[in-house]
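Novice: This is the structure alone, sequence omitted:
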């Protein structure tokens, strides 16, 4: 993979989680204000809000599902093959206390940082490129869902 393309993908992943770079001069696909990525959108969300059911799911479940997906991506990048995964179980979270909510957010941040670090050290090929791009699309999709859910839980 060319360095230019790798850096572009890395920038898009960063925008998904951190929002556009500061100072903000626009964004590629998130809102252009600071903290419009996943981490900023869920900042200040309480464990009670993260546990509120919105159309049968919770913010806690969405965030943990993204973490789980990123863990799978990171495993593929490390080992070159898909780990055994239980996608249904990744949605099992219905309520969290403050400690659980903090652990879910910390786990997501750790998987995100692991992903960013791997961009510079893996030997890129078609499988890994597809995995990283699908992880980007998956996370961006959930960013949109999370933004809508936050409107409900904050109402």
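Specialist: Structure received. Being a predicted model, the structure only gives us computed values, none of them experimental.
Novice: pLDDT weak spots in this structure?
Specialist: Counting by pLDDT under 70, the low-confidence segments of the chain come to 1, 23-24, 26-29, 31.
Novice: longest helix anywhere in it?
Specialist: helix 126-153 (DSSP state H).
Novice: Check which helices and strands it is in contact with.
Specialist: helix 3-18, helix 38-42, helix 59-79, helix 98-119 (3 or more C-beta pairs under 8 Å, 6 or more residues apart in numbering; DSSP states H and E). For glycine as for every other residue, the C-beta is placed from the backbone atoms N, C-alpha and C.
Novice: Grab the nearest non-local neighbour of residue 142.
Specialist: If the residues on either side of it in the chain are set aside, residue 142 comes closest to residue 66, at 5.2 Å by C-beta to C-beta, 6 or more residues apart in numbering.
Novice: The one you found: neighbour count?
Specialist: A count of nearby residues for residue 66, using other C-beta atoms under 10 Å, gives 27.
Novice: Same check on residue 97?
Specialist: As a burial measure, residue 97 scores 12 neighbours (other C-beta under 10 Å).
Novice: The residue lying closest to it once chain neighbours are set aside: neighbour count?
Specialist: Across the structure, with C-beta to C-beta, 6+ apart as the measure, the residue nearest residue 97 apart from its sequence neighbours is residue 47 (5.6 Å). Residue 47 is surrounded by 17 other residues when neighbours are defined as other C-beta under 10 Å.
Novice: Residue 47 reaches residue 93, doesn't it?
Specialist: No. Residue 47 sits out of contact with residue 93 when judged by C-beta atoms under 8 Å, with a separation of 11.2 Å.
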